[in-house]
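Undergrad: Pasting the sequence and the predicted coordinates here, then a few questions.
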Amino acid sequence: MLTDAGALELSVPRDRSATFDPQLIAKYQRRFPGFDEKIISMYARGLSMREIAGHLRELYGIEVSAELISTVTNAVIEEVTAWQSRPLEATYALVFLDAIRVKIRDESLVRNKAIPA
């Protein structure tokens with residue numbers, strides 16, 4: 001199984017009547033819950049398939065195929081396409097705040113205060 005900390009070898013107990021069900025990881029599950037969300041998050045931030053595979057190799061020391069990344073990202077491609085083709089508003093409000101942070105003695109304490117520029 002693939003986890004946040006890398007590959008993990010699990011031994012599932014066997015019983016004759018097949019009544020044992022694991023509580024944390026379902027039977028025949030190969031990836032730890034949350035692993036797919038990490039791949040989708042990296043994909044959403046603009047990383048390519050190669051960059052995602054390299055990042056997972058650096059972090060967890062595991063080799064992830066481009067096919068696995070493609071399978072995971074294809075699950076949300078419809079939502080991404082719908083979001084990209086949504087209608088945009090004609091105007092958007094923009095607020096720009098500018099201030100300088102300085103240390104000021106106030107009631108015998110030194111505090112950071114914002115002074116409008």
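TA: Done, it's in.
Undergrad: all strands in the protein, in order from the N-terminus.
TA: According to DSSP state E, the chain carries its strands in the segments 2-3, 6-7, 99-106, 109-116.
Undergrad: deepest of those strands, which one?
TA: Most buried of the strands of the chain, by mean neighbour count (mean count of other Cβ atoms under 10 Å): strand 2-3, with a mean of 16. Bear in mind the C-beta positions are built from the backbone N, C-alpha and C, glycine included.
Undergrad: average pLDDT across it?
TA: Averaged over strand 2-3, pLDDT sits at 68.
Undergrad: what do you get for stretch 97-111?
TA: 91.
Undergrad: mind listing what S65 touches?
TA: Neighbour list for S65: A53 [criterion: Cβ atoms under 8 Å, 6 or more residues apart in numbering].
Undergrad: Pull up the gap between it and P87, please.
TA: 37 Å (Cβ to Cβ, to the nearest Å).
Undergrad: what pLDDT, on average, does the top helix by length along the chain get?
TA: Secondary structure of the chain per DSSP state H: the longest helix is helix 49-60. Average pLDDT, helix 49-60: 86.
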